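Engineer: no sequence for this one, just the structure:
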């Protein structure tokens, strides 16, 4: 008898429905309930895997290898749960499923329509994602009033009728703007947003009102009156500096009590002591470090949201304030590494495409030569290998075939390229289908002992998530190792997963994405070690002139 909580948004997009869902899930989890979270996205892409980070932010990868919306990252960071292929459904995926069924004759010759066929498929998807949870929180992407989200809203309206009021709860997130010139908080946008929602048959039981000022009692009462929502269920979601305060703030206003009562759930009191400890660690650091993140999509910080959060989580574990400088790799390419002189460590994240690659290679060279702690993720490993091959092994034209098909020394390439016995580089026949050529999801990595990686993870085997097409070319492995590159992690089928530099204070690069499994309460050992190294290196840092 799973209960469903549907979270919608109005007035404007990007209000924080994902954060609200995740934080409510965290509180319900702290009350002993089994929680699942889902995201329904109205865009027509089957998944966000081929979408530009500038358009949609980061693509989050689940344990089972599904490319999903970044909000699923919030879900896993706030609730100790694992999302998967049944946790994110798009309009494209829903329509694709329905069309496939129609082609197979499952509708017995019926005219296939939005109602009931599309809405039935949406409902079936929601139920499949809920599994055996006590509570399933379902976030509806987009904004009420958008044409794209109407089938999803109609589906959740139907579920409210079919399951009854004790099994379905609607939460609506709105913006309550503050007009500085007149010193007024305006409730009219919220009134209109709820009116729009009610016009399609959904009456929210809870309103979460985003604002940069606390919602006064007078405005709370006014919103209650005009939206038919009980006054105590009008929640003030005031802007905060630290996301991880939000579970505490929502709990203080009794949001979880309202949910438990409305859905007639049996649950104990919320134990939020872990979240209080997280907030305390953020507020009271013992040290401070500055990390340079050199990427290709830094104009939109959401492109690296899991990495950013993983660094902050490591700071929580190490009681260290982490300041992140986002640097565009093309700027490094054009102007050199001057801006790296004052940072304590550098991180090169993943990415696709040729733009800014030489800048990233310069960063890897700077970190190797100047003994600055370096963490490379995916593409960050590729550029570290390319740099080492060029400047240590002497292969001056070494490159990845992703960026240079004619390179004489393809130290990075697709497996099919460097395993071809004829030596001919042939594209995979499916390469034009960019959504189908990735190595995705959690895979086992065997660690070398002794090594930095083995000392960090304290295990002989680990499982981390992947999202990439190109691999370390094993035909160059022996020569690179002879020159000092340490291969400290390999997959069960012999693919290189981790490289290190001996004699360096901290230099490690991984093919996988460890950021996807970090959370604020537990952190991640790799990032915690990285931040600890950045902190330790402050006392060993050379004068600026020596590093220039």
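Structural biologist: Yep, it's here. These numbers were taken from a predicted model, which means no experiment stands behind them.
Engineer: Buried ones in stretch 500-511, by neighbour count?
Structural biologist: Buried residues in stretch 500-511, defined by neighbour count with 16 or more other C-beta atoms under 10 Å: 500, 501, 504, 505, 506, 507, 508, 509, 510, 511. (Each C-beta comes from the backbone N, C-alpha and C, glycine too.)
Engineer: cool, and stretch 379-394?
Structural biologist: 379-391, 393.
Engineer: mind checking how far that stretch is from the chain centre?
Structural biologist: Put simply, stretch 379-394 sits 28 Å off its chain's centre (C-alpha atoms, centre = their mean, to the nearest Å).
Engineer: Rebuild the buried residues of stretch 379-394 as JSON lines, extending it with pLDDT and secondary structure.
Structural biologist: Formatted as JSON lines, the buried residues of stretch 379-394 follow (pLDDT from 0 to 100; DSSP: H, G, I helix; E, B strand; the rest coil):
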{"residue": "379", "pLDDT": "95", "secondary structure": "helix"}
{"residue": "380", "pLDDT": "96", "secondary structure": "helix"}
{"residue": "381", "pLDDT": "97", "secondary structure": "helix"}
{"residue": "382", "pLDDT": "97", "secondary structure": "helix"}
{"residue": "383", "pLDDT": "97", "secondary structure": "helix"}
{"residue": "384", "pLDDT": "98", "secondary structure": "helix"}
{"residue": "385", "pLDDT": "98", "secondary structure": "helix"}
{"residue": "386", "pLDDT": "97", "secondary structure": "helix"}
{"residue": "387", "pLDDT": "98", "secondary structure": "helix"}
{"residue": "388", "pLDDT": "98", "secondary structure": "helix"}
{"residue": "389", "pLDDT": "98", "secondary structure": "helix"}
{"residue": "390", "pLDDT": "97", "secondary structure": "helix"}
{"residue": "391", "pLDDT": "97", "secondary structure": "helix"}
{"residue": "393", "pLDDT": "96", "secondary structure": "coil"}
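Engineer: Name all residues that make contact with residue 377.
Structural biologist: Taking C-beta atoms under 8 Å, 6 or more residues apart in numbering, we find residue 377 in contact with 307, 347, 348, 349, 350, 509, 510, 513, 514, 515.
Engineer: ok, for the first one, nearest residue in space, not its chain neighbours?
Structural biologist: So that's residue 307. Leaving aside its chain neighbours, residue 307 sits nearest to residue 515 (4.6 Å; criterion: C-beta to C-beta, 6 or more residues apart in numbering).
Engineer: surely residue 91 meets residue 46?
Structural biologist: No - Residue 91 lies out of contact with residue 46 (C-beta atoms under 8 Å); the separation is 9.2 Å.
Engineer: Same drill for the two, tell me which one is more crowded.
Structural biologist: More crowded of residue 91 and residue 46, by other C-beta atoms under 10 Å: residue 91, with 22 against 18.
Engineer: Check what pLDDT that one gets.
Structural biologist: As predicted, residue 91 sits at a pLDDT of 96.
Engineer: Equivalent analysis for residue 421, please.
Structural biologist: pLDDT at residue 421 comes out at 48.
Engineer: what does the one 3 residues further on give?
Structural biologist: Residue 424 is assigned a predicted lDDT (pLDDT) of 45.
Engineer: what's near enough to touch residue 476?
Structural biologist: So residue 476 contacts 389, 409, 411 (C-beta under 8 Å, 6+ apart).
Engineer: OK, contacts around the second one?
Structural biologist: Residues in contact with residue 409, defined by C-beta under 8 Å, 6+ apart, are 389, 395, 397, 398, 399, 476.
Engineer: Closest to residue 217 out of those?
Structural biologist: Comparing these against residue 217 with C-beta to C-beta places residue 399 closest, at 64.2 Å.
Engineer: Surely the closest one is in a strand?
Structural biologist: Yes - per DSSP: H, G, I helix; E, B strand; the rest coil, residue 399 lies within a strand segment.
Engineer: burial count for the residue nearest to it when sequence neighbours are not counted?
Structural biologist: In space, residue 399 comes closest to residue 407 once its chain neighbours are excluded; the distance is 4.0 Å by C-beta to C-beta, 6+ apart. Other residues lying near residue 407 total 18 when counted by other C-beta under 10 Å.
Engineer: Is residue 407 in a helix, a strand, or coil?
Structural biologist: Applying three-state DSSP: residue 407 is coil.
Engineer: Check whether it really touches residue 398, as I assumed.
Structural biologist: Yes - judged on C-beta under 8 Å, residue 407 makes contact with residue 398 at a distance of 6.8 Å.
Engineer: where does the most far-flung residue of the chain relative to its centre land in three-state SS?
Structural biologist: The outermost residue of the chain relative to its centre, with distances by C-alpha atoms, centre = their mean, is residue 109 at 41.9 Å. Secondary structure state of residue 109, per three-state DSSP, is coil.
Engineer: Report the separation between it and residue 102.
Structural biologist: Going from residue 109 to residue 102 by C-beta to C-beta, to the nearest Å gives 10 Å.
Engineer: Next: residue 344.
Structural biologist: 58 Å.
Engineer: Looking at those two, which has the bigger crowd around it?
Structural biologist: More neighbours surround residue 344 than the other of residue 344 and residue 102, with 22 against 15 (other C-beta under 10 Å).
Engineer: what phi and what psi does the backbone show at the more buried one?
Structural biologist: phi -90, psi -20 (degrees, to the nearest 10).
Engineer: Now do residue 95, the pLDDT please.
Structural biologist: The model reports residue 95 with a pLDDT of 97.
Engineer: backbone phi and psi for it, please?
Structural biologist: Dihedral angles for residue 95 - degrees, to the nearest 10 - are phi -70, psi -40.
Engineer: quick one: what helix or strand has residue 395 in it?
Structural biologist: Using DSSP states H and E, residue 395 is not contained in any helix or strand.
Engineer: Let me see the contact set for it.
Structural biologist: Going by C-beta under 8 Å, 6+ apart, the list of residues near residue 395 reads 389, 408, 409, 411.
Engineer: Could you do residue 523 as well?
Structural biologist: Applying C-beta under 8 Å, 6+ apart, we find residue 523 in contact with 313, 314, 316, 317.
Engineer: can we see that at 6 Å?
Structural biologist: Residues near residue 523 by C-beta atoms under 6 Å, 6 or more residues apart in numbering: 313, 314, 317.
Engineer: Check the gap between residue 482 and residue 412 for me.
Structural biologist: Residue 482 is 19 Å from residue 412, by C-beta to C-beta.
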